[in-house]
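Trainee: When you get a sec, could you give me coordinates for this:
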Amino acid sequence: MRSISWCLITLLLIAAALVAGCTTATTNGTSANTTAPAAPAGDRLVFLTEEYPPFNYHDGGRLTGISIDLLNETLQRLGTGQTTDEVQILPWEVAYNRTLVEPNTVLFATSRLASREHDFLWAGPLTPERSVLFALREHNISIGAPTDLARLTIGVVRNDAAIQKLVDLGVPAANIHQADRQEELPAWLDEGEVDLFAYGEGAGRMLAQQGNGSVYRFVPVYTLAEVQTWFAFNRNTSTATVARFQAALDRLSTERDADNISVRDRILARYVPEVALAQMTFRTEEYPPYSSAANGTVEGVAPDLLRATAGRLNATLRSDQIVIGTWADAYRSGLETDNTVIFSTARTPEREALFQWAGPIARLHYVVLADGNRMMDAGGLADLRIATIRDSASVAYLRERGVPDAKVRYESGPGAMIEAVSNGSADALAYSLLPARSLLSQHGIDPNRFAVIETLGEHELYFAFNRNVSPLMVNTFNRTLAALKTDKDAAGVAPYERILYRYVGPERSSAKANRTGAMAVVNLTAERLAADTAGTLEAINRGAAPYRDPADPEVYAFVYDTNQTMVAHAANYHLVGQNYRGKTDVTGKAFRDQFLATALSEGSGWVDYTYVNLAESRLSEKTTYCRLTRGSDGHDYVVCAGTFRDGGP
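Mentor: Numbers count the residues shown, from 1 in each chain. Take a look at the predicted model:
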């Protein structure tokens, strides 16, 4: 079995909590006879485990996970008639102690440590696991060397393998707090009872989400160990029974389907992004600046986001996995071929049930463009010959506008579409605005010659996954992509912002700017801080009205102290406690420093900058009103609220 780094599973756990009804492991394409001859009745085993996603957990009331699926397939081949319905979920300490004393009891998934080697008989391995120490993100804890751990208090589940590792690293026993239940660990961290807690990296993310809804609340700051997990049998279990079980488990690595993928790897692909991504093909078209063949590779907003997302999942996509061709071929492949993803795909009502979706990538304007150098009748679209791409979102728009099908010239690729308007065989083209202008320029045509004669609408672009891809995988990909939009680097800029700035640049918002609303929120917040600082900050962090405008949720209050530390945020309280001095927008402008400077020098004013517009999936120009106010606690605060600039003057 290949070695897999379990940092891949970090965001998969949140998807595991949301996706119900994952299919039980099957053996597609394996030999028909997967059940071995019936084993002796004495081979009947008692299987014990804990709730520990993604290895073993309940999803929609059903037990699933990597270990459960591997066990299910092993039992089919073992031929005892047992099923995973018999698996008992218990607290780890209870399950561990029972397995030590009860014959024919099996505990999984168990780290095989030297200190445990003679306590059990072993079958495996199942999968590798990384044990890490988690800290609260805002505490900015850094572990430079193992000796740093001796001064910290660390929470751990009783009888967990991490206890011995911590002792070996010199952590005093008094600093190791043992919990009876894993759910206690995040509560201890939040309440300040411990500085860190030890847990599996993937499962720890699930605990973070269960504790307060944010997978990013806790961050791994130190890796304790990377170990293989196994089935641990009570020592009095028959060695022949363990050997038969091992032989059945080994078959999962040797039996392969028509695509030469083993049963084990099929199971891992459901849960482990690295494995799943290695089996996929990503198809696109020439669609600059969102995807374009250049320098022997495929570049643009979407491929860069794809590679960045894969990188976060510890996967490196091969060059042959990203294929550029005609949209018609890509679209057909996405519908008909397993493990296929097409991009950038407009998510329309007609397509909704045809694919699984991850995104959005960006939002585009769809228009009809015509050459201003040509004289045309002033009639409607129905009088024009319009070129577009077959199966593109523009087709539905044209039909909605009543354009006869006979008037539409369907082209297989963008080059043919541009050629049609260039040689006069079409009067206009229907396409998304920015790619259309880029394509015209690529073909040596001045895009400024072409004017928008009809705005068709807006659509967001997505990665469209074939319906047979694991829903768990799609959700993991989607959540990792979302993190690229919000996770800021040391300079204060998210990867998504850098990618959009590189290829597209800032755009005006489609929504109307609300400067009046922003000023009203700031002034009201300032007045209430002056009257009751503590109560007002608490209400802001709850996102309560009027600190977040119910009529325009993009207008919300956020407050800094004069050290530029965020003390309240109505849209994302997880930002509270972070210091923003010197942090910039994607253009390099330290706009938060300007909030403070403007408030201190002028009392109030507006600051312009560039910021990610998540509601519209674009980089937009933003303006924020800021005001200095003194709180009832005697401290000064900078109160802010902003709005994205619209297309007006």
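Trainee: Which residue ranges of the stretch 351-500 of the chain form strands?
Mentor: 356-371, 386-389, 408-411, 428-432, 450-465 (DSSP state E, counting those that start in this stretch).
Trainee: Make JSON lines from those strands and add mean pLDDT and mean neighbour count to it.
Mentor: Every residue, glycine included, has its C-beta placed from N, CA and C. Shown next, in JSON lines, are the strands of the stretch 351-500 of the chain (pLDDT from 0 to 100; neighbours: other CB atoms under 10 Å):
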{"stretch": "strand 356-371", "mean pLDDT": "96", "mean neighbour count": "22"}
{"stretch": "strand 386-389", "mean pLDDT": "95", "mean neighbour count": "26"}
{"stretch": "strand 408-411", "mean pLDDT": "94", "mean neighbour count": "20"}
{"stretch": "strand 428-432", "mean pLDDT": "95", "mean neighbour count": "27"}
{"stretch": "strand 450-465", "mean pLDDT": "94", "mean neighbour count": "20"}
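Trainee: among the ones you listed, which is nearest Asn523?
Mentor: Taking CB to CB, strand 356-371 is the member of the strands of the stretch 351-500 of the chain nearest to Asn523, at 31.8 Å.
Trainee: From the contact counts, what lies against the closest one?
Mentor: helix 301-312, strand 340-346, helix 393-400, helix 414-423, strand 428-432, helix 433-442, strand 450-465, helix 471-486 (3 or more CB pairs under 8 Å, 6 or more residues apart in numbering; DSSP states H and E).
Trainee: how near is Leu381 to His459?
Mentor: Applying CB to CB, to the nearest Å, the value for Leu381 to His459 is 18 Å.
Trainee: export the helices and strands packed on strand 356-371 to a markdown table and tack on distance to Asp552?
Mentor: As requested, the helices and strands packed on strand 356-371 are arranged in a markdown table below (distance: least, CB to CB, whole Å):
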| stretch | distance to Asp552 |
| --- | --- |
| helix 301-312 | 27 |
| strand 340-346 | 26 |
| helix 393-400 | 28 |
| helix 414-423 | 37 |
| strand 428-432 | 27 |
| helix 433-442 | 26 |
| strand 450-465 | 18 |
| helix 471-486 | 20 |
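Trainee: mind checking which of those is nearest Val521?
Mentor: Closest to Val521 of those is helix 471-486 (CB to CB; 21.9 Å).
Trainee: Does anything pack onto that closest one? Which helices or strands?
Mentor: Short answer (3+ CB pairs under 8 Å, 6+ apart): helix 471-486 packs on helix 12-18, helix 263-271, helix 273-278, helix 301-312, strand 356-371, strand 450-465, helix 495-503.
Trainee: Please repeat the previous calculation with a cut-off of 6 Å.
Mentor: Here helix 471-486 touches helix 12-18, helix 301-312, strand 356-371, helix 495-503, going by 3 or more CB pairs under 6 Å, 6 or more residues apart in numbering; DSSP states H and E.
Trainee: What mean pLDDT does it get?
Mentor: In this model, helix 471-486 has an average pLDDT of 89.
Trainee: next one: it to chain centre, how far?
Mentor: 2 Å (CA atoms, centre = their mean, to the nearest Å).
Trainee: Buried residues in that helix, which are they?
Mentor: Of the residues in helix 471-486, 471-485 count as buried by neighbour count, 16 or more other CB atoms under 10 Å.
Trainee: pLDDT weak spots in the protein?
Mentor: For the chain, the stretches with pLDDT under 70 are 1-43, 206, 208-216, 375-379, 648-649.
Trainee: can I see the domain layout of it?
Mentor: Residue ranges for the domains of the chain, per automatic domain parsing: 6-128+229-275, 130-222, 280-354+468-503, 362-461, 515-644.
Trainee: re earlier: now distance to Pro288 too, for the strands of the stretch 351-500 of the chain, in TSV please.
Mentor: TSV is the format used below for the strands of the stretch 351-500 of the chain (distance: least, CB to CB, whole Å):
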stretch	distance to Pro288
strand 356-371	12
strand 386-389	14
strand 408-411	16
strand 428-432	11
strand 450-465	13
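Trainee: Determine which of the ones you listed approaches Tyr222 most closely.
Mentor: Closest among the strands of the stretch 351-500 of the chain, using CB to CB: strand 356-371, at 31.4 Å.
Trainee: who's in contact with Ser333?
Mentor: 283, 340 (CB atoms under 6 Å, 6 or more residues apart in numbering).
Trainee: mind listing the helices for the stretch 151-300 of the chain?
Mentor: Here the stretch 151-300 of the chain has its helices, by DSSP state H, counting those that start in this stretch, at 162-168, 184-191, 201-212, 239-254, 263-271, 273-278.
Trainee: Using CSV, write down the CA coordinates of the shortest one.
Mentor: Written as CSV, here are the backbone C-alpha positions of helix 273-278 (Å, rounded to 0.1, in the frame of the first residue of the first chain):
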residue,chain,number,x,y,z
PRO,A,273,-8.1,13.4,-1.5
GLU,A,274,-4.5,12.5,-2.6
VAL,A,275,-5.6,9.1,-3.8
ALA,A,276,-8.8,10.4,-5.5
LEU,A,277,-7.1,13.3,-7.2
ALA,A,278,-4.5,11.0,-8.7
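Trainee: could you say what helices and strands that helix packs with?
Mentor: Counting by 3+ CB pairs under 6 Å, 6+ apart, helix 273-278 packs on helix 263-271.
Trainee: mind running it again at 8 Å?
Mentor: Counting by 3+ CB pairs under 8 Å, 6+ apart, helix 273-278 packs on helix 263-271, helix 471-486.
Trainee: can you tell me how far the residue nearest to Tyr560 when sequence neighbours are not counted sits from Met566?
Mentor: Nearest non-adjacent residue to Tyr560, counting by CB to CB, 6 or more residues apart in numbering: Val638, 4.6 Å away. Per CB to CB, Val638 is found 10 Å from Met566.
Trainee: Of the two, which one has the most company?
Mentor: Using other CB atoms under 10 Å, the more surrounded residue of Val638 and Met566 is Val638, with 25 against 20.
Trainee: Just the CA coordinates for the helix or strand containing that one, please, in CSV.
Mentor: Under the criterion of DSSP states H and E, Val638 resides in strand 636-644. Only the C-alpha atoms of strand 636-644 are listed here, as CSV (Å, rounded to 0.1, in the frame of the first residue of the first chain):
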residue,chain,number,x,y,z
ASP,A,636,-10.1,54.6,22.0
TYR,A,637,-11.4,52.5,19.2
VAL,A,638,-11.6,52.7,15.4
VAL,A,639,-15.0,51.8,14.1
CYS,A,640,-15.4,50.7,10.5
ALA,A,641,-17.9,49.6,7.9
GLY,A,642,-17.4,49.4,4.1
THR,A,643,-19.1,48.8,0.8
PHE,A,644,-17.9,47.6,-2.6
